[in-house]
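Engineer: my questions concern the predicted model and sequence given below.
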Amino acid sequence: MNGKAWKAFLNPGWIFTFILIITFTYVAFTVLAPWQLGKSEVVSHRNDLIAEHFDKEPAPFDSVFTAGGVLPPDNEYLRVAITGHYLPESEVIMRVRPVESGPAYHALTPFMMTDGTTVLVNRGWTRPENGHLPSDFPAPPTGEHTIVGYARIDEPKPQIAPTIEADRQMVTGIDTEEISELTGVTLAQDYVQLADGEPGVLTAFPLPRLDNGPHLSYGIQWIAFGILAPIGLGYFVFAELRERSREQEEQEALTTGEVRSPAPAPSSAPAPRRSRYGNAKNHRTSWQRDDEEKF
């Protein structure tokens, strides 16, 4: 293959295609695939921790949370047992947080432990009535109780500002700093999600599903796309070179005369009829010779 065929790939269309494929392959291998594979690794590690924590017995608050009520990430979903009493007058309601594909209101109630530390407890959720907070929203029990829940990490501050509904303070996220400002109660940085069957629980918030999701398959797909893209480009380049090679061979054949013109079509005019006695000029029939002898 001479250089003329390769020069055909110097047009803007092919140059843009080369740049696009190279860029896509680079991004697929260095950004997209590692992104999904990294998420798969994080989710898998998190699921392993949660499964391990579910099998452990409830632990005291101070052995799960550090100073200031800060929860180390590797301690999330450990079961914790705390003793104290609820502060119903400081309860806030979280809205706009669907559960099981339906709207729900969540009860976020401060719980003061016997040592004076106050931690926010998510008591669970209930369905709205006619789109509003139920009038008989269950209040937390009074008196001292020992409750068991799951240690959870605080959420980022929600973008939607707190509101008032039915004389209740409404929030859209579990940000203990925001709730502390609303209630005037100093709260631990992270919170406790109340387990099913515990005093004060509504409908317990569902625990996370322990599956890795589609991240691993997505990562493998990006790797496959990164491999197939240059292979596909190579195929089209090969097809283009093969077509140009064929055209070049045909052109050379025409130039050297190797390609012959087609044979002429047979004439449609009928062939002249021959005499049964021959067509020679000196040939005469016998009756012609007899007549000449008579004269």
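Structural biologist: Alright, I've got the coordinates.
Engineer: checking the residue sitting nearest the centre point of the chain next. Helix, strand or coil?
Structural biologist: Nearest to the mean C-alpha position of the chain, counting by C-alpha atoms, centre = their mean, stands Tyr218 at 6.4 Å. Three-state assignment for Tyr218 (DSSP: H, G, I helix; E, B strand; the rest coil): helix.
Engineer: look up the closest residue to it, ignoring the ones flanking it.
Structural biologist: Using C-beta to C-beta, 6 or more residues apart in numbering and skipping the chain neighbours, the partner closest in space to Tyr218 is Gln36 (4.2 Å). The way it works is simple: take the backbone N, C-alpha and C, and place the C-beta from them, glycine included.
Engineer: what do you get for Gly149?
Structural biologist: Once flanking residues are discounted, Gly149 sits nearest to Val192: 4.0 Å by C-beta to C-beta, 6+ apart.
Engineer: touching, that neighbour and Arg123? I think so.
Structural biologist: No: look at Val192 against Arg123 with C-beta atoms under 8 Å: they stay out of range, at 9.8 Å.
Engineer: so who does Pro141 touch?
Structural biologist: Neighbouring residues of Pro141 by C-beta atoms under 8 Å, 6 or more residues apart in numbering: Tyr86, Pro199, Gly200.
Engineer: reformat those residues as TSV; add distance to Ala224 and pLDDT.
Structural biologist: Converted to TSV, these look like this (distance: C-beta to C-beta, whole Å; pLDDT from 0 to 100):
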residue	distance to Ala224	pLDDT
Tyr86	54	98
Pro199	53	97
Gly200	51	97
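Engineer: of the residues you listed, buried ones?
Structural biologist: The neighbour-count test (16 or more other C-beta atoms under 10 Å) applied to those identifies Tyr86, Gly200 as buried.
Engineer: list just the nearest of the contacts of Pro141 to His45.
Structural biologist: Gly200 (32.2 Å; C-beta to C-beta).
Engineer: tell me the buried residues in stretch 89-103?
Structural biologist: So, applying 16+ other C-beta under 10 Å, buried residues of stretch 89-103: Ser90, Glu91, Val92, Ile93, Met94, Arg95, Val99.
Engineer: farthest-apart pair in the residues you listed, please.
Structural biologist: Greatest spatial distance in those: Ser90 and Val99, 23.2 Å, computed using C-beta to C-beta.
Engineer: ok so, going back, shouldn't the residue nearest to the centre of the chain be in contact with Pro34?
Structural biologist: No: using C-beta under 8 Å, Tyr218 makes no contact with Pro34, being 11.4 Å away.
Engineer: in its sheet, what does the stretch of helix or strand Ile164 belongs to sit against?
Structural biologist: Here Ile164, judged by DSSP states H and E, is contained in strand 163-165. When pairing is defined by DSSP bridges, strand 163-165 lines up against strand 168-171 (antiparallel).
Engineer: no further questions, thank you.
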